[in-house]
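Q: Just the structure for this:
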Amino acid sequence: MNTIDLQVEGMSCGACVKHVTQALQPLPGVSGVEVDLQSGRVKVSGELAQGSAPLLMALTGAGYPAKLTTDASTSAATSQPKAAGCHGGSSGGCGCR
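A: Now for the predicted structure:
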């Protein structure tokens with residue numbers, strides 16, 4: 001079993017956590033998704049033979065750009081515009097802002 005740690009931008013509420021989880025959980029090989037809303041980190045576990053690329057693409061497609069977590073990337077940039085999705089103005093947003 002592998003574990004991939006990601007830093008995800010744009011999460012600010014429980015609905016965001018749900019959207020991120022729903023974007024990752026159905027991917028082949030994913031057996032677990034742990035989202036830490038406060039830090040913006042997501043831990044994905046499973047038999048992730050294709051590595052992080054499918055995870056990053058799924059999150060970007062869901063409106064939550066992400067990158068692999070390293071010691072130097074402990075927080076999401078705050079000056080970037082919000083992604084489409086929950087808070088980006090698309091229809092059906094969660095309404096927390």
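
Q: was I right about Ser45 contacting Thr3?
A: Yes. With contact defined as Cβ atoms under 8 Å, Ser45 counts as touching Thr3 (4.8 Å). Where C-beta positions appear, they are placed from N, C-alpha and C, glycine not excepted.

Q: more crowded one of the two?
A: Comparing Ser45 with Thr3 by neighbour count (other Cβ atoms under 10 Å), the higher total belongs to Ser45, at 16 against 11.

Q: ok, the more buried one - contacts?
A: When contacts are counted by Cβ atoms under 8 Å, 6 or more residues apart in numbering, Ser45 is found next to 1-4, 30-34.

Q: Strands - which of these land there?
A: Among those, the ones falling in strands (DSSP state E) are 2-4, 30-34.

Q: Leaving out the residues flanking it, which one is nearest to Pro65?
A: Of all residues not flanking Pro65 in the chain, Glu9 sits nearest, at 4.9 Å (Cβ to Cβ, 6 or more residues apart in numbering).

Q: what's the neighbour count on that neighbour?
A: By the other Cβ under 10 Å criterion, the neighbourhood of Glu9 contains 19 residues.

Q: again, but for Asp36
A: 12.

Q: how much space is there between it and Leu27?
A: Distance, Asp36 to Leu27, using Cβ to Cβ, to the nearest Å: 19 Å.

Q: Next: Met11.
A: 18 Å.

Q: more neighbours, those two?
A: The neighbour comparison of Met11 against Leu27 (other Cβ under 10 Å) goes to Met11, with 25 against 16.

Q: pretty sure that one is in contact with Arg41, am I right?
A: No. Using Cβ under 8 Å, Met11 makes no contact with Arg41, being 9.6 Å away.
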